[in-house]
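K.L.:
Here is the input, now give the coordinates:
(2 chains)
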Amino acid sequence: DAGVIQSPRHEVTEMGQEVTLRCKPISGHNSLFWYRQTMMRGLELLIYFNNNVPIDDSGMPEDRFSAKMPNASFSTLKIQPSEPRDSAVYFCATSGGTHTDTQYFGPGTRLTVL
Amino acid sequence: TQLLEQSPQFLSIQEGENLTVYCNSSSVFSSLQWYRQEPGEGPVLLVTVVTGGEVKKLKRLTFQFGDARKDSSLHITAAQPGDTGLYLCAGARHNFNKFYFGSGTKLNVKP
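P.N.:
Numbers count the residues shown, from 1 in each chain, chains lettered A, B, ... in the order given. Prediction:
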């Protein structure tokens, strides 16, 4: 299995631009999580989906952030407009199958907003 | 404010030494997990503990869940350079779908 796939691995953009991060979950996993990691705040849960439905988005910082999961194979996290304080590593993680308590993390997308 | 506080934040030791990392909270968790994260990668699950007082061993790593399910510790015996990384604890309060992560302990084991 290829594991959780995230793209791009690195993104550098200018303030005000739209940024879209992508995630392909492990096949058969029905829960998907988006996290943000920074030195100051550590690893924070932004939103999670169960069976493609958003269950808890209380961690989404503000309206500039949105996430979608149109099908079981794909999810996006969009920031519009981006700001320098959004610079962080964004992780996608999925769980499911026989071990629902185990989250498998992708390699992350390092976002830099200038 | 973090729900889970880890200590120490940084730890630099020589190969062969023992160490303990702590994860504390004032909240009760239904389960607690420990992850290790290496630079440029996502966290990888090491263990899950669900019963108060539970002790689990993974080779040279020993994990303990506090009796009251509010805290946990990770003990490494005879640390090796390959143990270097960021260790994160994560607690679930009501279901396995929402985990709160600790601030992390950055471990460096020098050869």
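
K.L.:
Residue of chain B closest to chain A, please.
P.N.:
Closest to chain A within chain B is B:Gly42: 2.8 Å, counting by C-beta to the nearest C-beta. Bear in mind the C-beta positions are built from the backbone N, C-alpha and C, glycine included.

K.L.:
So which bits of the worst-scoring helix or strand of chain A on mean pLDDT are buried?
P.N.:
One helix or strand of chain A scores below all others by mean pLDDT, DSSP states H and E: strand A:99-105, with a mean of 80. By neighbour count on 16 or more other C-beta atoms under 10 Å in any protein chain shown, the buried set for strand A:99-105 is A:Asp101, A:Thr102, A:Gln103, A:Tyr104, A:Phe105.

K.L.:
if I read this right, the second one contacts B:Thr48, doesn't it?
P.N.:
Spelled out, that is A:Thr102. Yes: taking C-beta atoms under 8 Å as the definition, A:Thr102 is a contact partner of B:Thr48 at 7.3 Å.

K.L.:
Residue numbers of chain A in contact with chain B?
P.N.:
Contact residues, chain A versus chain B (C-beta under 8 Å from any C-beta of the partner chain): A:4, A:31, A:35, A:42-45, A:48, A:50, A:55-56, A:91, A:93, A:95, A:100-108.

K.L.:
Write the PyMOL selection for whichever of the residues you listed are buried.
P.N.:
Per 16+ other C-beta under 10 Å, the buried members of those correspond to this PyMOL selection:
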select buried, chain A and resi 4+31+35+42+43+44+45+48+50+91+93+95+101+102+103+104+105+106+107+108
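
K.L.:
Let me see the contact set for A:His29.
P.N.:
A:Thr94, A:Ser95, A:Gly96, A:Gly97, A:Tyr104 (C-beta atoms under 8 Å, 6 or more residues apart in numbering or on different chains).

K.L.:
correct me, but the second one touches A:Thr102?
P.N.:
Yes: checked against C-beta under 8 Å, the pair A:Ser95 and A:Thr102 is within contact range at 5.9 Å.

K.L.:
Could you tell me how many residues sit around B:Cys89?
P.N.:
Using other C-beta atoms under 10 Å in any protein chain shown, B:Cys89 is surrounded by 30 other residues.

K.L.:
same question, the one 3 residues further on
P.N.:
The tally of other residues near B:Ala92 (other C-beta under 10 Å) stands at 18.

K.L.:
dump the residue contacts of it.
P.N.:
Per C-beta under 8 Å, 6+ apart, neighbours of B:Ala92: A:Asp101, B:Phe29, B:Ser30, B:Ser31, B:Leu32, B:Gln33, B:Lys98, B:Phe99, B:Tyr100.

K.L.:
how close does it get to B:Gln33?
P.N.:
8 Å (C-beta to C-beta, to the nearest Å).

K.L.:
what touches both of the two?
P.N.:
Contacts common to B:Ala92 and B:Gln33, judged by C-beta under 8 Å, 6+ apart, are A:Asp101, B:Phe99.

K.L.:
Once you drop chain neighbours, what's closest to the residue of chain A found nearest chain B?
P.N.:
Scanning chain A for the residue nearest chain B gives A:Phe105, at 2.8 Å (criterion: C-beta to the nearest C-beta). Among residues not flanking A:Phe105 along the chain, B:Gly42 sits closest, at 2.8 Å (C-beta to C-beta, 6 or more residues apart in numbering or on different chains).

K.L.:
I appreciate the help and will end here.
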